[in-house]
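Peer 1: next comes the sequence, and after it the predicted model I'd like to discuss.
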2 protein chains.
Amino acid sequence: MLSEFSLIDRFFARRAAAQPSDAQSGALGIGDDCALLAPRPGEMLAISTDMLVEGRHFFADVDPQALGHKALAVNLSDLAAMGARPQAFTLAFSLPKADEAWLAAFSSGLFALAERYDCALIGGDTTGGPLNLCITVFGSVPPQAALRRDAAQAGDDIWISGALGDARAGLGVQRGEWQADASDAATFRRALERPEPRVALGLALRGVAHAALDLSDGLAGDLLHILERSNLRATVDVDAVPRSAALQRLSPEIQQRCTLAGGDDYELCFTAPVAARTAVQNAAREAGVPVTRIGTISALQTAADRPAIGWRDAAGTPLTLTLQGFDHFHAD
Amino acid sequence: MLSEFSLIDRFFARRAAAQPSDAQSGALGIGDDCALLAPRPGEMLAISTDMLVEGRHFFADVDPQALGHKALAVNLSDLAAMGARPQAFTLAFSLPKADEAWLAAFSSGLFALAERYDCALIGGDTTGGPLNLCITVFGSVPPQAALRRDAAQAGDDIWISGALGDARAGLGVQRGEWQADASDAATFRRALERPEPRVALGLALRGVAHAALDLSDGLAGDLLHILERSNLRATVDVDAVPRSAALQRLSPEIQQRCTLAGGDDYELCFTAPVAARTAVQNAAREAGVPVTRIGTISALQTAADRPAIGWRDAAGTPLTLTLQGFDHFHAD
């Protein structure tokens, strides 16, 4: 295979942060033992790392350009969920062989997204081995403005950006679990392969939202993280959870599974006080992303009460949902 | 296997940075979308990422405690080579199965080293898949004091910390390429499995050394990185390259291969002006690590001249060494 250095050089280093130092940021990029990076003055670095493994997070025959996009997108989504502004990333990967066409397509998908968010590649590592991608991403955020999981408050509205479930619907089509016509299948596939990180919305929600996270493992599991960290309960109107027109053409049961436990949506789920409803809508308009109110945060009632989600239909009737164990692509 | 969350919780999160915020640093650790981290005031974060793959960087039957040590040690070594003070790290890994005894030993080796360097685990990712470890490490360094690869100057001495070649000798014993008695084999194995990052030396060399890097791929290849980045040449006295008593009991040819092209040493190679010889020795004493002068940096002589290493023996006679293609464990 290509040597480590020629591989890095050909597809990555040339498009990485300027060498040896970037005049604007003072950062030192690829080619030294470490990259040097600082957050904006008065801010902190928000850092997230994700590992994607073939057969678990993507299929072996995935379009490599889409994979390059998604590998960075899922990390930028974590920055969005903190209200952080993307700044830089590192990329470590192992490859069974140096397939030049594959690397060209992968790097083109990766850098197209990186450049849109002004997010520079500042370091990395490449090695032989089973296909594995590990990206660590860095953003800048004023610590007091960070959208933390533990900041929800009783009485908050619960909001969702975009629509949920399309990515899981696309996985189901690929797996043969259900069918969709060509146009809907393309919609689902795009959601699965090309998630759009909600960076602009995260930034616009600074000072507006209380708690936030991105939906990677499904609404049921992810919202519970906010509740557990904030020690609160939630009531969610299942019928209010936003879904695409394409998803609405699948059966109600599949819609529910995909929207509530589907995973891989990378939409933001956030809480904000009732008094901020107009501000939330303004932030969404500014970011160009629709948002939908799906429920309410409430306090625990007794000492024995545990953080949990109460599911309701549009009429307010409690529902008992069995979402535990519903597998999705991201499950470990 | 254990679910992602119980796995993280059991072996890693409990020993990670305090939740939800560390009073001293204001950092936010595991459990949110991102960790929050800032360098010391006026400093920058030095960032390095390394991926270790089974069968390539370690054997499948490696002692997991030693692997935990080494996975972090090779990253701390990159910080040492920049003169950066360790601060935090993220850990992403894929595992074929959640073997509790393996994880307990791995995490114990990892955290024993992390705690010695006050380096907090602030985030990560775990997934199923072929064994793969990706650590990203963060240190703090004043940008003007960073030991960069492009900062060597003509006339500088070339220095090496510790002794070279023991790790490669250990790999050769494990592979059956050569034999050693039990005591020497244990010395070699320890060098291979338990490299000690030269963090204290890197810090002590701030303002003393010009250029530095850590020796992960062998002296011949790594020193060339300094020369290429600094656009200079080097002359190295092969007989001056420090080696252990154990290595000196192997044949001269094996000694040379192991010391010059062996890899996995994780000693520092640095350059410093002749006027700083006493300061270098004082830094080494302060750090408790021996250092040895092995050669000299010189300017390119003609426009056609390329960065390269001229090898000499102790008498100053030029040697022609064929080191190209000599494999070591780390090669990709």
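Peer 2: Great, that's in hand.

Peer 1: give the next helix or strand downstream of the worst-scoring helix or strand of chain A on mean pLDDT.
Peer 2: Every helix and strand of chain A was ranked by mean pLDDT, DSSP states H and E. The lowest is helix A:4-11, at a mean of 64. Heading C-terminal from helix A:4-11, the first helix or strand you meet, by DSSP states H and E, is strand A:35-37.

Peer 1: that following strand near chain B at all?
Peer 2: Yes. For strand A:35-37, a contact with chain B is found by CB under 8 Å from any CB of the partner chain, at A:35, A:36, A:37. Any C-beta I mention is one placed from the backbone N, CA and C, and that applies to glycine too.

Peer 1: which helices and strands does the very next helix or strand once past that strand pack with?
Peer 2: Downstream of strand A:35-37, the next assigned helix or strand under DSSP H and E is strand A:44-53. Other helices and strands packing on strand A:44-53, by 3 or more CB pairs under 8 Å, 6 or more residues apart in numbering or on different chains; DSSP states H and E, are helix A:64-82, strand A:132-141, strand B:35-37, strand B:85-95, strand B:120-128, strand B:132-141.

Peer 1: tell me which of the ones you listed sits nearest to residue A:244.
Peer 2: helix A:64-82 (18.2 Å; CB to CB).

Peer 1: run the angle between that closest one and strand A:85-95 for me.
Peer 2: 140 degrees (axes from the mean of the first three to the mean of the last three CA atoms, to 10 degrees).

Peer 1: near chain B, anything from helix A:64-82?
Peer 2: Yes. Judged by CB under 8 Å from any CB, helix A:64-82 and chain B are in contact via A:78, A:79, A:81, A:82.

Peer 1: list the residues that contact the second one.
Peer 2: Neighbour list for residue A:79: A:46, A:48, A:85, A:86, A:137, A:139, A:197, A:199, A:202, B:33, B:34 [criterion: CB atoms under 8 Å, 6 or more residues apart in numbering or on different chains].

Peer 1: cutoff 10 Å now
Peer 2: A:46-48, A:85-87, A:89, A:117, A:119, A:137-141, A:197-199, A:202-203, A:214, B:33-34 (CB atoms under 10 Å, 6 or more residues apart in numbering or on different chains).

Peer 1: cool, the last one as well?
Peer 2: Under the criterion of CB under 10 Å, 6+ apart, the neighbours of residue A:82 are A:44, A:46-48, A:139, A:141, A:145-149, A:202, A:206, A:212-214, B:28, B:32-36.

Peer 1: show the buried residues in the residues you listed.
Peer 2: If you count burial by 16 or more other CB atoms under 10 Å in any protein chain shown, the buried members of the contacts of residue A:82 come out as A:44, A:46-48, A:139, A:141, A:146-149, A:202, A:206, A:212-214, B:28, B:32-36.

Peer 1: for the stretch 201-332 of chain A, which segments count as helices?
Peer 2: Along the stretch 201-332 of chain A, counting by DSSP state H, counting those that start in this stretch, helices occupy A:219-230, A:252-261, A:277-287.

Peer 1: could you dump these to JSON lines with distance to chain B, mean pLDDT and mean neighbour count?
Peer 2: JSON lines is the format used below for the helices of the stretch 201-332 of chain A (distance: least, CB to the nearest CB, whole Å; pLDDT from 0 to 100; neighbours: other CB atoms under 10 Å in any protein chain shown):
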{"stretch": "helix A:219-230", "distance to chain B": "7", "mean pLDDT": "94", "mean neighbour count": "21"}
{"stretch": "helix A:252-261", "distance to chain B": "14", "mean pLDDT": "93", "mean neighbour count": "20"}
{"stretch": "helix A:277-287", "distance to chain B": "17", "mean pLDDT": "98", "mean neighbour count": "16"}
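
Peer 1: ok, which of these comes nearest residue A:300?
Peer 2: So among those, helix A:219-230 is nearest, using CB to CB, at 9.5 Å.

Peer 1: related to what we said a few turns ago, reformat the helices of the stretch 201-332 of chain A as TSV; add distance to residue B:62.
Peer 2: Output for the helices of the stretch 201-332 of chain A, formatted as TSV (distance: least, CB to CB, whole Å):
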stretch	distance to residue B:62
helix A:219-230	34
helix A:252-261	38
helix A:277-287	48
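
Peer 1: fine by me, we can end here.
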